[in-house]
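Visitor: Fold the stuff below for me.
(chains A and B)
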There are 2 protein chains.
Amino acid sequence: MTESPSPLATGAVIGILGGGQLGRMLSVAASRLGFLTHIYEPGTNPPAGQVAHRVTTAAYDDEDALRAFAQSVDVITYEFENIPTSALDLLEAHRPIRPGREALRVSQDRLIEKTFLRDLGLATAPFADVTDAVSLDAGLAEIGAPAILKTRRFGYDGKGQVRIKSDADAPGAIADMAGAPALLEGFVDFSHEVSVIAARGLGGDVACFDPGENVHRDGILHTTTVPARLSASQRMDAVLMAAKILNALNYVGVMGVELFVTPQGLIVNEVAPRVHNSGHWTQNGCSVDQFEQHIRAIVGWPLGDGQRHSDVVMENLIGHDVDQLPDLVRERDCALHLYGKTDTKPGRKMGHVNRIQRPETKT
Amino acid sequence: MTESPSPLATGAVIGILGGGQLGRMLSVAASRLGFLTHIYEPGTNPPAGQVAHRVTTAAYDDEDALRAFAQSVDVITYEFENIPTSALDLLEAHRPIRPGREALRVSQDRLIEKTFLRDLGLATAPFADVTDAVSLDAGLAEIGAPAILKTRRFGYDGKGQVRIKSDADAPGAIADMAGAPALLEGFVDFSHEVSVIAARGLGGDVACFDPGENVHRDGILHTTTVPARLSASQRMDAVLMAAKILNALNYVGVMGVELFVTPQGLIVNEVAPRVHNSGHWTQNGCSVDQFEQHIRAIVGWPLGDGQRHSDVVMENLIGHDVDQLPDLVRERDCALHLYGKTDTKPGRKMGHVNRIQRPETKT
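Guide: Here you go, the predicted structure:
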């Protein structure tokens, strides 16, 4: 069950929904392969627009703008998963959207995602569907506290989440959800988190980058270190689990798969149907990075093999971390990637650095 | 004698004269540092425009367009050295041009360049000023045949050059020059050509990348291999010669310095006051590549140290070389860089590949 490969030729136009840093880095990668990009973004002066051939500034309910955008491109991809269904319906009538709708349907909803993963036979944290105080109590009885209550939709970087330390926190937590459908998730006793940046081509071929080890701070990714602390069999498991997910979704493009490492094995935390912050290290560790890999997949080109030439530690520059710039530019083996955002706000991703770890000094 | 460093902040706009592949890769590098770019280019749909914030399509004698361009940017740089003097005069009245006028004056004219190098105490090929049949005969008497007659100005990639195998070729050669001032250059018996990609910052600091070894085909660069075949003392000489040139010009930016390797030492072939084709390997061999290095220099930021993390062989895709694309995309450790040019013409630079040479397979 794969789409018939019909590769796009250089010079084709790639439409990208979303003009943030992921769209920006996708645009640069597309240019290296000789493609043009057209960014669709409601906000003005999007970071991706600074390095794109065209930008459409319009809302996701502007049908004329959506139609004109679709007709101006050869294939459509996206940098975020929460695109309104109505926009996707309209766009898909004109041009292929890759990755496809099934990946979006699954990843837009935490309950559907967890259920999908469990049905694939993959381990997940214990979870329960929560619609009201009664189902929350039932969930807590099953899973036990501490647990975490999350909105089913539109959550990212720790937003839309409430911790429940004991049953007494339940009423406050359900009030915080304000009637939104939610998911109760049990805690997992893990030693560390890793992620696999996996890609699947139009012909069904799968390639994974080496897993990276993630450290979060305040609910936002702080560093990714490659290689991750994993045994050879854990590394193999991680890759096989990612491949299983991609194949089940008949996926085309790059996906980020977050995994918890536990003594009982790997547990899938969540999947993101797009290039992923924990894959930024590939820009300075591989000949073909995750952004180029995604473009290769959606245009029907052969994938890179994911080979790593260097060990890398990626560090995000969040908010005023970017004030360290004068020191960072003086640092050896430190590759800068700034996103062209003018306003520095707490929690805002302003850029990242990739620090290459060299085992030896070259002659 | 250095300009007082006054670094530009991220968000500043860099004006680039010329919209070819060098401007394109400069634009991408500028974006990684959080700068915007504005391309000035007479031709329509320039490759650099596909990844730039703004493009002005206008001739170099369009004073209104030049003025508006200058006023919209914070600093001006260029991707080629043959910019008309009148345009430079107008632009310089509004914004700094880096590298500065002296580097352009020297490199725009082969006779001035050779004289400058000789006056610095650097070895060059024997040369003579040729304005007519009489001075050509005098030059041939001094240098001897075989030799090569080159126009003083506007030559690149082997254009504007005539070989003189014996004195009998002199009349034809002078006719080919059509009255243009020329330079007669003797042949140098060299084993191979190397180039140093050197940078000098606004504060006078100099950093060089490791020399690369160049192979030409039909007068156009074919491959650059890093490291070059050089002894430690030759490598040191190469770097010192490049630094001497940059310092003498009070240069700001990246320069390509081509050197012939002979048993008697290194001989300077020519210098290019810009990022250079033989420095493209740095994109996949260094954390800070030549394009970012140039941007760092002209905005007054600290330079990268030129450290190489990987050995690389760069190969140009000239004309229909680009038809190999289906094989190249399948090749391991091969980084593609296409220029977004639609028409494939013989001799046209369509892209390049950087092949990373890995000594060992990583775990």
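
Visitor: For chain A, which segments count as helices?
Guide: Taking DSSP state H as the criterion, chain A carries its helices at A:21-32, A:63-72, A:85-92, A:101-107, A:110-119, A:133-143, A:170-176, A:232-248, A:282-285, A:290-298, A:325-328.

Visitor: Just send those back as a markdown table, with mean neighbour count and distance to A:R274 too.
Guide: For the C-beta atoms, the positions are set from N, CA and C on the backbone; glycine is no exception. Conversion of the helices of chain A to a markdown table gives the following (neighbours: other C-beta atoms under 10 Å in any protein chain shown; distance: least, C-beta to C-beta, whole Å):
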| stretch | mean neighbour count | distance to A:R274 |
| --- | --- | --- |
| helix A:21-32 | 27 | 7 |
| helix A:63-72 | 16 | 18 |
| helix A:85-92 | 16 | 14 |
| helix A:101-107 | 19 | 9 |
| helix A:110-119 | 18 | 14 |
| helix A:133-143 | 17 | 29 |
| helix A:170-176 | 16 | 28 |
| helix A:232-248 | 18 | 13 |
| helix A:282-285 | 25 | 14 |
| helix A:290-298 | 28 | 8 |
| helix A:325-328 | 15 | 27 |
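
Visitor: Which of those sits closest to chain B?
Guide: The closest of these to chain B is helix A:21-32. By C-beta to the nearest C-beta, the value is 4.9 Å.

Visitor: wait, does that closest one contact chain B?
Guide: Yes. Using C-beta under 8 Å from any C-beta of the partner chain, helix A:21-32 reaches chain B at A:24, A:27-28, A:31-32.

Visitor: I'd like the mean pLDDT over that helix, please.
Guide: For helix A:21-32, the mean pLDDT works out to 98.

Visitor: helices or strands up against it?
Guide: Helices and strands touching helix A:21-32, by 3 or more C-beta pairs under 8 Å, 6 or more residues apart in numbering or on different chains; DSSP states H and E, are strand A:13-17, strand A:36-41, helix A:290-298, helix B:21-32, strand B:334-338.

Visitor: 7 Å - rerun?
Guide: strand A:13-17, strand A:36-41, helix A:290-298, strand B:334-338 (3 or more C-beta pairs under 7 Å, 6 or more residues apart in numbering or on different chains; DSSP states H and E).

Visitor: closest one to A:A128 among those?
Guide: strand A:13-17 (32.4 Å; C-beta to C-beta).

Visitor: Residue numbers of the stretch 101-250 of chain A in contact with chain B?
Guide: A:P227 (C-beta under 7 Å from any C-beta of the partner chain).

Visitor: how close does whatever residue of the stretch 101-250 of chain A ends up closest to chain B get to A:D311?
Guide: Across the stretch 101-250 of chain A, the shortest distance to chain B (C-beta to the nearest C-beta) belongs to A:P227, at 6.6 Å. The gap separating A:P227 from A:D311 is 7 Å, by C-beta to C-beta, to the nearest Å.

Visitor: re earlier: which stretch in the helices of chain A is the model least sure about?
Guide: helix A:170-176 (a mean of 90).

Visitor: Could the C-alpha coordinates of that one be exported in PDB?
Guide: Taking Å, rounded to 0.1, in the frame of the first residue of the first chain, the C-alpha atoms of helix A:170-176 are listed here in PDB:
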ATOM      1  CA  ALA A 170      -9.100  16.000  40.300                       C
ATOM      2  CA  PRO A 171     -11.800  18.700  40.500                       C
ATOM      3  CA  GLY A 172      -9.300  21.500  39.800                       C
ATOM      4  CA  ALA A 173      -7.800  19.600  36.900                       C
ATOM      5  CA  ILE A 174     -11.200  18.900  35.200                       C
ATOM      6  CA  ALA A 175     -12.100  22.600  35.700                       C
ATOM      7  CA  ASP A 176      -8.800  23.600  33.900                       C
END
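
Visitor: and that helix, what does it pack onto?
Guide: So helix A:170-176, by 3+ C-beta pairs under 7 Å, 6+ apart, packs with helix A:133-143, strand A:161-164.

Visitor: contacting residues around the closest residue to A:A93 other than its chain neighbours?
Guide: Distance criterion C-beta to C-beta, 6 or more residues apart in numbering or on different chains; nearest residue to A:A93, sequence neighbours excluded, is A:A70 at 7.8 Å. Shown in contact with A:A70 (C-beta atoms under 7 Å, 6 or more residues apart in numbering or on different chains): A:15, A:76, A:91, A:94-95.

Visitor: try 6 Å this time
Guide: A:91, A:94-95 (C-beta atoms under 6 Å, 6 or more residues apart in numbering or on different chains).

Visitor: Let me know the closest of the residues you listed to A:P346.
Guide: Using C-beta to C-beta, A:L91 comes nearest to A:P346 of these, at 34.0 Å.

Visitor: got a list of what that closest one touches?
Guide: A:66, A:70, A:76 are the contacts of A:L91 under C-beta under 6 Å, 6+ apart.

Visitor: Could you measure from the last one over to A:V13?
Guide: When you say that, I think you mean A:I76. 10 Å.

Visitor: now the first one
Guide: For A:L66, the distance to A:V13 (C-beta to C-beta) stands at 15 Å.

Visitor: How about A:H309?
Guide: 31 Å.

Visitor: In this model A:N269 seems to touch A:T124, though I could be wrong.
Guide: No. With contact defined as C-beta atoms under 6 Å, A:T124 does not reach A:N269; the gap is 8.0 Å.

Visitor: buried sites along stretch A:213-223?
Guide: Neighbour counts over stretch A:213-223 (16 or more other C-beta atoms under 10 Å in any protein chain shown) mark A:213-214, A:220-221, A:223 as buried.

Visitor: what residues are up against the closest residue to A:F260 other than its chain neighbours?
Guide: Nearest residue to A:F260, sequence neighbours excluded (C-beta to C-beta, 6+ apart): A:F190, at 3.6 Å. Taking C-beta under 6 Å, 6+ apart, we find A:F190 in contact with A:260-262.

Visitor: Find the closest residue to chain B in the stretch 151-300 of chain A.
Guide: A:S287 (4.3 Å).

Visitor: so what's that residue up against?
Guide: B:333, B:335, B:356.

Visitor: picking that back up, please identify which of the contacts of A:L91 is nearest to A:A52.
Guide: A:I76 (14.1 Å).

Visitor: ok, back up a step: quick one: neighbours of the residue of the stretch 101-250 of chain A closest to chain B, just the number.
Guide: Neighbour count of A:P227, defined by other C-beta atoms under 10 Å in any protein chain shown: 18.

Visitor: Then A:V254?
Guide: A:V254, neighbours per other C-beta under 10 Å, totals 34.

Visitor: in the sheet, who's paired with it?
Guide: The partner list for A:V254 in beta bridges (DSSP bridges) reads A:A199.

Visitor: Check whether it really touches A:R296, as I assumed.
Guide: No. Using C-beta under 6 Å, A:V254 is not in contact with A:R296, being 9.3 Å away.

Visitor: ok, back up a step: okay, and the common contacts of A:P227 and A:D311?
Guide: With C-beta under 6 Å, 6+ apart as the test, A:P227 and A:D311 reach no residue in common.

Visitor: Could you find the closest non-adjacent residue to A:H192?
Guide: Nearest non-adjacent residue to A:H192 (C-beta to C-beta, 6+ apart): A:V261, at 5.2 Å.

Visitor: Across the sheet, point out what pairs with the one you found.
Guide: Applying DSSP bridges, one finds that A:V261 bridges with A:H192, A:L266.

Visitor: For the stretch 1-150 of chain A, give the residue positioned nearest to chain B.
Guide: As assessed by C-beta to the nearest C-beta, chain B sits closest to A:G34 within the stretch 1-150 of chain A, at 3.5 Å.
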